[in-house]
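Colleague: Fold the stuff below for me.
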Amino acid sequence: MITIKVNQDKYQFSEILAVEQLIRFLEIKTNGIAIAINGSVVKKSDWSLRLLQNSDEVLIIKSTQGG
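Modeller: Okay, here's the model as predicted:
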């Protein structure tokens, strides 16, 4: 069992998963978002390769329009 903090919420998973799998699980649209793990930005092209570990802190930032 691993615990991952996403923004301010904690989630538990029975197995290690990739960032891409986490996004699908959370049902987040991938357009206009950026992801950082433990303070390091992960390129979108690496989402399927970057495996999340126990106690990782994931920050998901959604871009917004304004003026």
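
Colleague: Please count neighbours and contacts with C-alpha atoms only from this point.
Modeller: Fine.

Colleague: Residue 6: what's its closest spatial neighbour, skipping adjacent residues?
Modeller: In this structure, residue 6 finds its nearest non-sequential neighbour in residue 58, 4.7 Å apart by CA to CA, 6 or more residues apart in numbering.

Colleague: Tell me the confidence at residue 64?
Modeller: On pLDDT, residue 64 comes in at 75.

Colleague: what about it, helix or strand, and which?
Modeller: Element membership of residue 64, judged by DSSP states H and E, is empty: it is in no helix or strand.

Colleague: Tell me how far it lies from residue 32.
Modeller: Separation of residue 64 from residue 32 (CA to CA, to the nearest Å) stands at 8 Å.

Colleague: can you check residue 44 too?
Modeller: Distance from residue 44 to residue 32, by CA to CA: 11 Å.

Colleague: Between the two, which is the more surrounded one?
Modeller: Set side by side, residue 44 and residue 32 show more neighbours around residue 44, with 15 against 9, by other CA atoms under 10 Å.

Colleague: Please report how far that one lies from residue 1.
Modeller: Distance, residue 44 to residue 1, using CA to CA: 26 Å.

Colleague: how many other residues sit next to the residue nearest to residue 56 when sequence neighbours are not counted?
Modeller: Using CA to CA, 6+ apart and skipping the chain neighbours, the partner closest in space to residue 56 is residue 4 (5.2 Å). Burial of residue 4 is recorded as 19 neighbouring residues (other CA under 10 Å).

Colleague: so what's residue 4 up against?
Modeller: For residue 4, the contact set (CA atoms under 8 Å, 6 or more residues apart in numbering) comprises 10-12, 52-58.

Colleague: Just these: which are in strands?
Modeller: 10-12, 57-58 (DSSP state E).

Colleague: Relative to the host helix or strand of the residue nearest to residue 56, what are the paired strands and their orientations?
Modeller: Per DSSP H and E, residue 4 falls inside strand 2-6. Paired neighbours of strand 2-6 in the sheet (DSSP bridges): strand 9-13 (antiparallel), strand 57-62 (parallel).

Colleague: Out of these, indicate the one that is most buried.
Modeller: Stretch with highest mean neighbour count among the strands paired with strand 2-6: strand 57-62 (a mean of 17; mean count of other CA atoms under 10 Å).
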